[in-house]
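Trainee: Here's a sequence, model it:
(chains A and B)
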2 protein chains.
Amino acid sequence: MQFSSALVETAVNEFSKLPGIGKKTALRLVLQLLKMPPEKVTAFGEAIIKMREQVKYCQRCFNIADADICAVCANSMRQQQTICVVENIRDVIAIESTQQFNGVYHVLGGIISPLDGIGPDQLNIEALLHRVQKERPEELIFALNPNIQGDTTIYYIQKKLEDMPLKITTIARGVAFGGELEYADEMTLARSLQGRLPVESYVSGGRQR
Amino acid sequence: MQFSSALVETAVNEFSKLPGIGKKTALRLVLQLLKMPPEKVTAFGEAIIKMREQVKYCQRCFNIADADICAVCANSMRQQQTICVVENIRDVIAIESTQQFNGVYHVLGGIISPLDGIGPDQLNIEALLHRVQKERPEELIFALNPNIQGDTTIYYIQKKLEDMPLKITTIARGVAFGGELEYADEMTLARSLQGRLPVESYVSGGRQR
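Mentor: Here you go, the predicted model:
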């Protein structure tokens, strides 16, 4: 692409460094920014710079935070004895958006995946084991993606915690709400059968029908 | 979406103000920025702020520029007597990218579209007429989108310039290179027939075969 302005060219190049943003999309965004009032564009740019410079990771759960401890951990209304173990920050946001979980989190920062060269040492697993030793939570809920790597990670951590008086659970895997049985793959359907529930517990336990 | 960091929340909200960027995409971009080194993110933010604050519009052709006159107009190697009239900056970039045009531009900033309430007064048409009076160019090439509004705009300007000793042309409308005749709409095919060329002019005139 040929630009008659080096300023615009630089901005387009910066945008197109972001994942999923090509040159054409970057140009569309830049031309949109040009139509916006300068003070709004300044607010946009400064919000990003400030975010990157000042955001922290919670020292307890590795969630994103504005202070040393994240808002979830610092909230005394939440059950600090129930820890939900997730792969990344996106999962925290997804679970928080359901408004169905009132415990705290532990962000692993990934899952064990030998093929990608990711072992337990690269993840926040050691910190989780220490945390369990120290805080003595009642329950650990694994909310990892339902695949081989997720299961490996659960198995690894669960083995390490075998001797602890601790309830270890995983979120239910099954046919998605609104999905169709005939299109579910065999693994999902098999797990859905294995993890079958008495109907009364489903009816009383599910807040949403 | 629920965030545990106000900094991240603000950045996501700022991103999702851009067209075509929803909350989920904004979050993906923000999390990507969090993985980047702070100095790169600062460069990104500052490039955008600087671009919006400092970019100018060429006083002659209304193209984006870093000075009062854009790089195209300031380039004495270009034929200043051939003016290509386009709708917006994106069209300038598209034509420049072909590297087939060695004249200068005039950006209208839109096209006449009564249904959208856009008349000649909202566009840089008056400036174009003045420019033609003053500069006496040899040729005006209309490179507007091939639709009713584009044709209306060409007709309007051409009427205003009737008495000027000036060649007025429009880029060829026809079947796109690599396209298939059977899928072309009737308007395109009809224009393609009306604007037919002798084969020898096509062969010698076209730089690309």
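Trainee: Report the inter-axis angle for the lengthiest helix in chain A versus helix B:38-54.
Mentor: Across chain A, the longest stretch assigned as helix under DSSP state H is helix A:38-54. With axes from the mean of the first three to the mean of the last three CA atoms, to 10 degrees defining the directions, helix A:38-54 sits at 170 degrees from helix B:38-54.
Trainee: Would helix A:38-54 count as contacting chain B?
Mentor: Yes. For helix A:38-54, a contact with chain B is found by CB under 8 Å from any CB of the partner chain, at A:38, A:40-54. (Glycine included, C-beta is placed from N, CA and C.)
Trainee: now those residues: which count as buried?
Mentor: Neighbour counting by 16 or more other CB atoms under 10 Å in any protein chain shown classes A:41-52 among those as buried.
Trainee: Now pLDDT and distance to residue A:187 too, for those residues, in TSV please.
Mentor: What follows is these, written out as TSV (pLDDT from 0 to 100; distance: CB to CB, whole Å):
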residue	pLDDT	distance to residue A:187
A:41	95	48
A:42	95	51
A:43	95	47
A:44	95	44
A:45	95	46
A:46	95	47
A:47	95	42
A:48	95	41
A:49	96	45
A:50	95	44
A:51	94	39
A:52	94	39
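Trainee: before we move on, the earlier item: what is the most widely separated pair among the residues of helix A:38-54 next to chain B?
Mentor: A:38 and A:54 (23.5 Å; CB to CB).
Trainee: how about the helices in chain A?
Mentor: A:6-15, A:23-35, A:38-54, A:71-74, A:89-98, A:125-135, A:148-160, A:186-194, A:199-205.
Trainee: Point out the most buried one among these.
Mentor: The highest mean neighbour count among those, using mean count of other CB atoms under 10 Å in any protein chain shown, belongs to helix A:6-15: a mean of 21.
Trainee: ok, now which ones touch residue A:191?
Mentor: A:146, A:173-174 (CB atoms under 8 Å, 6 or more residues apart in numbering or on different chains).
Trainee: most centrally placed residue in chain A?
Mentor: Centroid check for chain A by CA atoms, centre = their mean gives residue A:91 as the closest residue, at 2.2 Å.
Trainee: where's that one relative to chain B, distance?
Mentor: Residue A:91 sits 12 Å away from chain B, going by CB to the nearest CB, to the nearest Å.
Trainee: which ones are touching the nearest residue to that residue once chain neighbours are set aside?
Mentor: In this structure, residue A:91 finds its nearest non-sequential neighbour in residue A:143, 6.3 Å apart by CB to CB, 6 or more residues apart in numbering or on different chains. When contacts are counted by CB under 8 Å, 6+ apart, residue A:143 touches A:84-86, A:91, A:95, A:170-171.
Trainee: any idea of the pLDDT on the residue lying closest to residue A:77 once chain neighbours are set aside?
Mentor: Distances taken as CB to CB, 6+ apart place residue A:102 nearest to residue A:77, at 7.8 Å, with adjacent residues excluded. Here, the pLDDT recorded for residue A:102 equals 92.
Trainee: ok, residue A:102 - how many residues close by?
Mentor: When neighbours are defined as other CB atoms under 10 Å in any protein chain shown, residue A:102 has 11 of them.
Trainee: my guess is it contacts residue A:78, does it?
Mentor: Yes. Using CB atoms under 8 Å, residue A:102 is in contact with residue A:78, at 5.5 Å.
Trainee: Please report how far residue A:122 lies from residue A:106.
Mentor: Shown here: residue A:122 relative to residue A:106, a distance of 15 Å by CB to CB, to the nearest Å.
Trainee: Then residue A:20?
Mentor: 29 Å.
Trainee: Quick one: low-confidence residue ranges for chain A.
Mentor: Applying pLDDT under 70 to chain A flags the ranges A:200-209.
Trainee: Okay, domains of it per the record?
Mentor: Structural domains assigned to chain A are A:6-54, A:78-171, following automatic domain parsing.
Trainee: now the end-to-end length of the longest one.
Mentor: Separation of the first and last residues of domain A:78-171 by CA to CA, to the nearest Å is 19 Å.
Trainee: which residues does residue A:69 contact?
Mentor: Residue A:69 neighbours (CB under 8 Å, 6+ apart): A:58-60.
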